[in-house]
Each structure stands twice: as structure tokens, then as C-alpha cells.
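>>> Sequence unavailable; structure follows:
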């Protein structure tokens, strides 16, 4: 009886060990010399087994060191638990077909070094697909050439992602570092982009089918196109630099951060929802423009700085307790809500109608404001050393106030900062005595 129990015990323990050996995780390291090697060559690994989950599972480590990059070529799809990359590493597809690397562990792919992943070994159509989460750690650099990431991508503070050609994301993109999108390249996700770092678009496309949320610390800058299939919510900074930068949303665009064009650049906002709401700051710089292809509502505490450029929208509504000041060009119908105020401090053209209801004020200082459309005023036009030219006509019961400005006075003809008889003498000397009738 005892002998039978001992035999049974040995069988159970042996079976247990066999099962654990069969299902154990192997830590596999790339040991090929610097240069190119195939994943499928067992001699490139220690232990000398090709990493591919089949009974055993594999946690793979590829360390490219600080010298020339180590290139790892794949000829077929592979499944492993996780992959950690250090140093200079290049993962490449070596077939004209799509290659898929499947990472079943929650840790997925983690990059600590300088990692380049490229599909399209023989054409630019085939892709390198990665199934599993991807984490780009602080200080790491990841270059994506035609890669499709099937799960979430995390770019940590201090990490950098370079997007070249077309890179797609089935999961969300969470950025706290830097993302650079090359000219004519595309980065698109089927879910959301959450940006708390910096995204630079240099003539390419940054797109989310879902939400594009630019966090309070986030900056999106450059030229090209930024698209959201849901909404664009900006709490950080969005800057047009170097050319035309288009923000396109199939839903709404809201701003509680900064929308700005660099000098000479154009920021264009396109939204399917009727109104774009500004609860932050819009800065419009010289030789450039900020253009809304919809209505713009400057909400209470919102700020518009017109610094010599052009602000355009279908209708611009200035709410009470909002700030709108500066000079330049305004294109579109302007509506000032009761108790609202617009302060124009220099030469300004308004190409459109202007409506100033009771309790609202249009203030013009130190320059001339030309309004090409109809000016309807039942509120106040307050001129401080400036003038208004209602070229399209003026109607309504308007309270018009004129007073000398802080820096200019229409009666200070000789521009010495004082109004006295010298100004009349200046007029007589430069105009009256030089007329044709005065010499006859």
C-alpha cells in the first residue's frame, strides 16, 4: 500500500514539473553581433531557441548597445509575452507582406533606448503591425515607419516619437513627451489623442476618429492638418507656425487655452457644430490670420488679442465681461452683446456688419476704424482720439462720444502733444496759404 502511494506521489510531482516546464516563461536575449540578423535564426538568441509562444512563453530582451544599431528582421508573424528594447535597435519587416508581432502580456513592448520600427521592406504598402500596448519611456526615442499599433500607445515625459510615412493606432495615443510628424506623413488613431506634451506637425496629418484633447500642459504646433471625428478641446496651446495650420472637427471646437498664429502664418478652425466657443485666449499676429469657418463666440472672461493680423468668422459675438482689444482686420458680422465692449486701439478695418445694441460699446482709440457693412448702433460708440467711418451706413439711436486720446488728438496738427495756437498756425502754414485761391 505504501509503495503504491509513493509511486502515485512521484507520478503527480513529475506531471506537475512537466506542466510547469512546458508552460514556463523563457527570458530570451538577442546575442547576434552588430549588424543585421533574422529573428528566425536560433543562433541569434540565448537560449538558442526562436522566441515564439508555443507551449513555452517568451519575454524578449534586445539590447542594441550604444554603437551601431542592431537590426532584427522578421520573415513571419511572431507571438511572445513581452519585448523590452535598449540601445540602438531596428525592427524590420523582411517580406513584401504585412508582419505582425503579438505581445500578449499587459507590459507589451517597452522601449528604453533608440528604437526604429519599419514595415514596407519591398514596398510602402506593407505594414509592421504590433498587437499589445507600447510604452516609450523617459529619454527613449521611437521612430515609426509605416507601423500600425493595435493597442494603446504611451509616450512618457522626456520620450520622443517620430512619425514617418503612415502610422496608425487602433488604441488611444497618450502623449506626455514629444511627437514629431514628418512632412507628408500621417498619424491617425481610431480612438482618442490625449496630449499633455508637445505635438509638432510639419506638413503632415494628425487625426483622431474620437476626441482630440489638448491638456493644459499640451502644445500642438506647426502646419498641416489636425482632425477630430468627435471634438477638439484645447486647454493648452495650439500654434500655427510656418504656413497654414487647419484644425478640423466633425463636432465642436472649444478653447480655454491659447489659439495663436505665428507672424505670417494662418490658423484655420473648421467645425461642424455652428459655434466655436472661446473661453481662453485667441492671439492674432501680424501678416497672418486666425480664421473660423463657423461662428465665433467670445465667452465671458475670454480674451481676443488683435495684434495687426486678421480675425475672421461667419459671425463674431462679443459677450459681456469678455475682452476684445487691438488693431488689424476683422472679417465677418460683429455683434456686441449688451454690456459687452470691444476696444480697437489703432487703424482697423471691419469687413462686415456691426451691431451695437443698447448697453454695448464700441471704443475706438488712436486710429480710424473703417466699417464696410451696415453699422446698427443703439448703444455707444466711444472715440478716444480716433474716428469711425461707417462706410456701409449708420442707423439707430446711437450715443456717440468723442474725446482726445491718450496718445493722439485730432486737433494736435503739429503732433507736439499739445493743442494750442501753434496748431492753427501749422494748419495755416501747410494748407491755407498754399491753396490756389490764396495765391491769386
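Thanks, I have it. Because the structure is a prediction, the values reported are computed rather than measured.

>>> and residue 44, backbone torsions?
Dihedral pair for residue 44: phi -90, psi 0, per degrees, to the nearest 10.

>>> Look up the closest residue to it, ignoring the ones flanking it.
Residue nearest to residue 44 in three dimensions, not counting chain neighbours: residue 32, with 3.9 Å by CB to CB, 6 or more residues apart in numbering. Heads up, the C-betas are built off the backbone N, CA and C, glycines and all.

>>> One more: residue 288?
residue 261 (4.3 Å).

>>> any idea how far residue 237 is from the one you found?
Look at residue 261 and residue 237: by CB to CB, to the nearest Å, they are 12 Å apart.

>>> for this structure, longest strand please?
Counting residues, the longest strand found in the chain (DSSP state E) is strand 303-318.

>>> can you list contacts of stretch 192-200?
155, 157, 172-181, 206, 208, 210-222, 228, 230, 236 (CB atoms under 8 Å, 6 or more residues apart in numbering).

>>> let's see it at 7 Å
The contact list for stretch 192-200 (CB atoms under 7 Å, 6 or more residues apart in numbering) reads 155, 172-181, 206, 208, 210-215, 217-222.

>>> Would you map the strands across the stretch 201-350 of the chain?
Per DSSP state E, counting those that start in this stretch, the stretch 201-350 of the chain carries strands over the ranges 212-214, 219-228, 231-234, 237-249, 252-255, 258-261, 266-271, 275-278, 281-285, 289-292, 295-298, 303-318, 323-336, 341-351.

>>> Can you check which of these gets nearest to residue 116?
strand 219-228 (22.4 Å; CB to CB).

>>> gap between the closest one and the chain center?
Offset of strand 219-228 from its chain centre (CA atoms, centre = their mean, to the nearest Å): 4 Å.

>>> Could you do stretch 380-388 as well?
For stretch 380-388, the distance from its own C-alpha centre to the chain's C-alpha centre is 39 Å (CA atoms, centre = their mean).

>>> ends of that stretch, how far apart?
12 Å (CA to CA, to the nearest Å).

>>> Give me the average confidence score over it.
Per-residue pLDDT over stretch 380-388 has a mean of 93.

>>> What are the buried residues along it?
For stretch 380-388, the buried set under the neighbour-count rule, 16 or more other CB atoms under 10 Å, comprises 380-386, 388.

>>> re the thing from before, can you give me the angle the longest strand of the chain makes with strand 341-351?
For strand 303-318 against strand 341-351, the angle by axes from the mean of the first three to the mean of the last three CA atoms, to 10 degrees is 70 degrees.

>>> circling back to that earlier point, pLDDT wise, what is the residue nearest to residue 288 at?
Confidence score, pLDDT, at residue 261: 98.

>>> That one contacts residue 286, doesn't it?
No - using CB atoms under 7 Å, residue 261 is not in contact with residue 286; the gap is 9.5 Å.

>>> Now for these two: what residues contact both?
What both residue 261 and residue 286 touch, as defined by CB under 7 Å, 6+ apart, is the set residue 309.

>>> Looking at the two now, which is surrounded by more residues?
residue 261 (29 against 13; other CB atoms under 10 Å).

>>> In contact with residue 236, which residues are there?
214-219, 257.

>>> Starting from residue 80, give me the distance back to it.
37 Å.

>>> circling back: any idea how far residue 253 is from the residue nearest to residue 288?
15 Å.

>>> Over to residue 176?
23 Å.

>>> Which one of those two is surrounded by more residues?
In this view residue 176 and residue 253 are compared by other CB under 10 Å, and residue 253 has more residues nearby, 27 against 20.

>>> was I right about that one contacting residue 247?
Yes - when contacts are counted by CB under 7 Å, residue 253 is listed as touching residue 247 (6.4 Å).

>>> shared neighbours, the two?
What both residue 253 and residue 247 touch, as defined by CB under 7 Å, 6+ apart, is the set 232, 269.

>>> burial count for the residue nearest to residue 44?
The burial count for residue 32: 17, using other CB under 10 Å.

>>> which of the contacts of residue 236 are buried?
Applying 16+ other CB under 10 Å to the contacts of residue 236 flags 214-215, 218-219, 257 as buried.

>>> quick revisit: so the residue nearest to residue 44, which of the three states?
Secondary structure assignment for residue 32 (DSSP: H, G, I helix; E, B strand; the rest coil): coil.

>>> Look up how far residue 41 lies from it.
The spacing between residue 32 and residue 41, counted by CB to CB, is 8 Å.

>>> about what we covered before: as JSON lines, the contacts of residue 236 with pLDDT and distance to residue 271 would be great.
Putting the contacts of residue 236 into JSON lines (pLDDT from 0 to 100; distance: CB to CB, whole Å) gives the following:
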{"residue": "214", "pLDDT": "98", "distance to residue 271": "15"}
{"residue": "215", "pLDDT": "98", "distance to residue 271": "20"}
{"residue": "216", "pLDDT": "98", "distance to residue 271": "21"}
{"residue": "217", "pLDDT": "97", "distance to residue 271": "24"}
{"residue": "218", "pLDDT": "98", "distance to residue 271": "19"}
{"residue": "219", "pLDDT": "98", "distance to residue 271": "21"}
{"residue": "257", "pLDDT": "98", "distance to residue 271": "16"}
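
>>> Residue 333: which of the residues you listed is nearest?
Among those, and counting by CB to CB, the member closest to residue 333 is residue 257, at 26.0 Å.

>>> Touching, the closest one and residue 239? I think so.
No - counting by CB under 7 Å, residue 239 is not a contact partner of residue 257; they are 10.6 Å apart.

>>> What's the end-to-end length of stretch 283-290?
8 Å.

>>> try stretch 270-278
14 Å.

>>> For that stretch, which residues meet the burial criterion?
270-271, 275-278.

>>> which sections of the stretch 1-150 of the chain are below the confidence cut-off?
1-23, 120-125 (pLDDT under 70).

>>> Do I have it right that residue 204 meets residue 180?
No - Residue 204 lies out of contact with residue 180 (CB under 7 Å); the separation is 9.3 Å.

>>> who's more crowded, those two?
Neighbours were counted for residue 204 and for residue 180 using other CB under 10 Å; residue 204 has more, 24 against 19.

>>> The more buried one: what's it in contact with?
181-186, 224.

>>> just residue 145 next, same as before
117-120, 164-165.

>>> Going by neighbour count, which of those comes out on top?
Neighbour max across the contacts of residue 145 (other CB under 10 Å) = residue 119, 26 neighbours.

>>> follow-up on the earlier one: make JSON lines out of the buried residues of stretch 380-388 and add secondary structure and distance to residue 282.
JSON lines is the format used below for the buried residues of stretch 380-388 (DSSP: H, G, I helix; E, B strand; the rest coil; distance: CB to CB, whole Å):
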{"residue": "380", "secondary structure": "strand", "distance to residue 282": "24"}
{"residue": "381", "secondary structure": "strand", "distance to residue 282": "24"}
{"residue": "382", "secondary structure": "strand", "distance to residue 282": "23"}
{"residue": "383", "secondary structure": "strand", "distance to residue 282": "25"}
{"residue": "384", "secondary structure": "strand", "distance to residue 282": "24"}
{"residue": "385", "secondary structure": "strand", "distance to residue 282": "26"}
{"residue": "386", "secondary structure": "coil", "distance to residue 282": "23"}
{"residue": "388", "secondary structure": "strand", "distance to residue 282": "24"}
